[in-house]
Structures are given as structure tokens and as C-alpha cells.
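1. here are the coordinates; sequence isn't available:
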């Protein structure tokens with residue numbers, strides 16, 4: 001890999017001229033600038049990334065803001081995004097928003113300062129008030145992932161209402177009338193959508209979703225554990241079935257049921273939105289709705305790169321289908337093939 005002196009020798013200019021071209025600290029004759037850029041490419045200075053950035057006004061980097069550590073669902077999503085970005089010649093830089101609006105705004109500001117060519121955002125609560133306007137005012141291409149918004153930007157997420165309605169209906173068909181739900185963090189679009197789908201499906205069957213059986217697990221293991229204990233230790237009849245509305249909360253629910261010495265599905269039927277790679281290894285296996293996170297991550301990158309490359313059409317909002325994995329935790333026999 002060449003250094004700045006190698007570039008200067010190759011271009012037939014001084015090292016200071018190379019520095020001015022790289023740092024844009026002084027106007028350089030266009031022909032001289034072009035000679036320096038060619039020399040950068042020839043010598044391999046900084047792996048050609050700098051030359052490409054200077055020649056195209058692009059950094060070759062995509063940014064990702066996501067709550068990666070709080071939800072195991074996001075890990076394979078990040079892998080899919082990074083893989084597709086690499087295939088298209090982009091590096092990926094990312095940060096964890098912790099689903100906190102203040103943290104998210106600071107993180108996105110830092111990512112924008114680093115001149116990312118485009119940004120993928122799993123928006124935290126109230127992102128429409130600060131974070132999304134900040135990105136749009138910077139003119140940086142943006143794609144929202146996992147959670148939809150009214151903002152006029154490209155976005156994609158899995159279907160939410162129909163899968164939750166199907167899980168609820170399945171439990172009702174098995175004879176359950178007292179069904180509890182552990183819901184996700186307030187203010188997040190996907191959490192609201194899934195919660196409303198559960199209540200609507202109960203009402204459609206002539207059943208009431210009792211407030212004491214509808215608990216916010218805050219999309220976390222610990223809070224889902226706490227709320228499940230409170231649900232079953234409270235007054236009144238216990239639910240005979242539970243729905244956990246993301247996979248982080250499923251872990252908390254299972255921990256609580258074990259502490260309560262309640263068997264699944266003999267004492268409580270359990271189903272969940274979001275699957276695990278190892279769901280089939282549980283005894284009983286978890287009946288779950290699975291999202292196609294691989295397709296979601298790859299498609300998000302494709303949408304973003306299309307915008308970076310100049311696509312200026314209207315916003316695109318896409319919903320990805322889910323898959324119902326019928327296992328044993330719901331209390332009925334597993335479907336052939338487990339799906």
C-alpha cells in the first residue's frame with residue numbers, strides 16, 4: 001500500500017499538493033487534482049477508498065441505528081444488512097439506540113457527521129419528532145426497518161396484525177377464553193400494532209381482553225418476567241394461555257412460568273411472535289410466528305442503495321409475510337413438518 005510520498009511521486013506533484021487534494025484545504029487545478037486521484041488509485045493509498053470518495057463524493061459507508069442488544073431478533077437482521085452491504089461494495093457502521101429517543105438522536109447525529117451515504121433506522125419511540133427530521137434535513141437517504149411510520153421515507157416491516165390474530169385465534173380454537181398477552185415497548189409502532197391485533201381478535205370471538213391479563217413487557221426479558229409474575233400472582237382467575245409478542249419477552253415469560261412451577265402446555269399454553277433458531281429444541285417446542293429477517297435486511301439495503309444511486313420516486317412501504325411454526329407449546333399436536 002502506497003503512502004502520500006508515493007502518490008506525490010506518481011502524480012509528479014509535491015506532497016503538499018496531495019495533502020490539499022485529500023483534505024480539500026486549497027483549490028487545486030482540476031487536471032492536477034485528477035492526476036492525484038489517479039495516483040491514489042495506482043498506488044493503493046488507503047486501499048483506494050479515499051480516491052473513490054473524493055471522485056464520487058461518496059464515503060462507501062452505510063449507517064445503521066438499531067436497538068441491537070436488547071432484542072435477540074435484531075442480531076440476524078444486522079448480519080443480513082452487513083452481508084448485503086458488503087456484496088454491494090459498502091462497509092457498515094452502526095450504533096445501538098437502546099430504543100431511547102435521546103440516545104438515538106445523539107447516535108444518528110454522530111453517524112451523519114461521519115458522512116454515511118445512507119442510513120437504515122429501526123426507529124425508537126418519537127423518532128418522527130427529532131431523529132427522522134434530522135436525517136431528512138441532512139439530505140441523507142433513509143430507510144426505516146421493522147417499524148413503520150407516517151414519515152415520507154422508504155420503510156419495510158413484517159406483517160404484524162394478521163400473524164397475531166392467527167396466534168390468538170389458534171388458542172381460542174383450542175378452547176381458551178382467558179388469554180393473556182405480554183406486549184412490547186410503548187410508543188413503538190410494531191408493539192402497538194401487535195397489541196391492537198390481539199385485542200381485536202379477542203373481541204371478534206366475543207371475548208374480553210382483561211386489563212390485568214394485558215401487560216407491557218417493555219420488549220425486555222426482565223420486564224416480561226416481572227409482568228408475568230404479577231399477572232399470575234394477582235387476584236382473579238389466571239389466564240390459561242399466553243402470547244408473548246416478541247422473542248426477548250418470550251424468554252422472560254418462560255423464566256417466570258418456571259419460577260411459578262407452571263408447566264407448558266399442561267398448565268398454561270404459550271405461543272409467541274418471533275421465532276428462535278433453537279425453538280424446536282425446547283421441550284415442548286415453541287409455537288411461534290417467524291419473521292424473514294434475512295429478506296428484510298437485504299431488502300432494506302437494496303432500497304437504500306437505490307436512493308443513493310438517484311431513485312427519486314415516491315416512498316415505498318413494504319410488508320413481508322411471516323411463517324407460522326406449529327409446535328407443541330400451544331397444547332395440540334404438532335403439524336406435519338412443524339409448520
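-> Ah, there it is. A quick note: this is a predicted structure, and the numbers were derived from the prediction, not measured.

2. For residue 82, what is the enclosing helix or strand?
-> According to DSSP states H and E, residue 82 maps onto helix 74-87.

3. Adjacent strands (with direction) for the very next helix or strand once past that helix?
-> Under the assignment DSSP H and E, the closest C-terminal helix or strand after helix 74-87 is strand 91-96. Paired neighbours of strand 91-96 in the sheet (DSSP bridges): strand 61-66 (parallel).

4. about what we covered before: which strands and helices sit next to the helix holding residue 82?
-> strand 61-66, strand 91-96, helix 293-308 (3 or more C-beta pairs under 8 Å, 6 or more residues apart in numbering; DSSP states H and E). C-beta here means a position set from N, CA and C on the backbone, and glycine is covered the same way.

5. make it 6 Å
-> helix 293-308 (3 or more C-beta pairs under 6 Å, 6 or more residues apart in numbering; DSSP states H and E).

6. buried sites along the helix it packs on?
-> 293, 296-301, 303-308 (16 or more other C-beta atoms under 10 Å).

7. A helix includes residue 271, no?
-> No. Going by DSSP: H, G, I helix; E, B strand; the rest coil, the assignment for residue 271 is strand, not a helix.

8. Beta-bridge partners for it, please?
-> residue 243, residue 287.

9. what about it, neighbour count?
-> Residue 271: 28 surrounding residues under other C-beta atoms under 10 Å.

10. Distance of it relative to residue 172?
-> Distance, residue 271 to residue 172, by C-beta to C-beta, to the nearest Å: 11 Å.

11. From residue 237, how far out is residue 314?
-> Distance from residue 314 to residue 237, by C-beta to C-beta: 50 Å.

12. higher neighbour count, those two?
-> More neighbours surround residue 237 than the other of residue 314 and residue 237, with 10 against 7 (other C-beta under 10 Å).

13. Nearest residue to that one in space, ignoring adjacent ones along the chain?
-> Distances taken as C-beta to C-beta, 6 or more residues apart in numbering place residue 178 nearest to residue 237, at 5.8 Å, with adjacent residues excluded.

14. for residue 89, same thing?
-> Closest to residue 89 by C-beta to C-beta, 6+ apart is residue 60, at 6.7 Å.

15. is it true that residue 119 touches residue 141?
-> No. Here residue 119 lies out of contact with residue 141, judged by C-beta atoms under 6 Å, at a distance of 7.2 Å.

16. neighbours of the residue nearest to residue 237, just the number please.
-> Other residues close to residue 178 by other C-beta under 10 Å number 15.

17. Check whether residue 90 really touches residue 63, as I assumed.
-> No. Applying C-beta under 6 Å, one finds residue 90 not in contact with residue 63, separated by 10.1 Å.

18. if you count what's nearby, which of these two comes out ahead?
-> For residue 90 versus residue 63, neighbours defined as other C-beta under 10 Å are more numerous around residue 63 (26 against 21).

19. what sits up against stretch 323-336?
-> Contact with stretch 323-336 is made by 174, 264-265, 269-271, 275, 284-290, 339, as judged by C-beta atoms under 6 Å, 6 or more residues apart in numbering.

20. What is the burial count for residue 331?
-> Quick note: residue 331 (other C-beta under 10 Å) scores 21 neighbours.

21. Sorry, wrong one. I was asking about residue 236.
-> Residue 236 has 10 nearby residues by other C-beta under 10 Å.

22. nearest residue to it other than its sequence neighbours?
-> residue 212 is the one closest to residue 236 (C-beta to C-beta, 6+ apart), at 6.3 Å.

23. and that neighbour, that one's in a helix?
-> Yes. Assigned with three-state DSSP, residue 212 falls within a helix.
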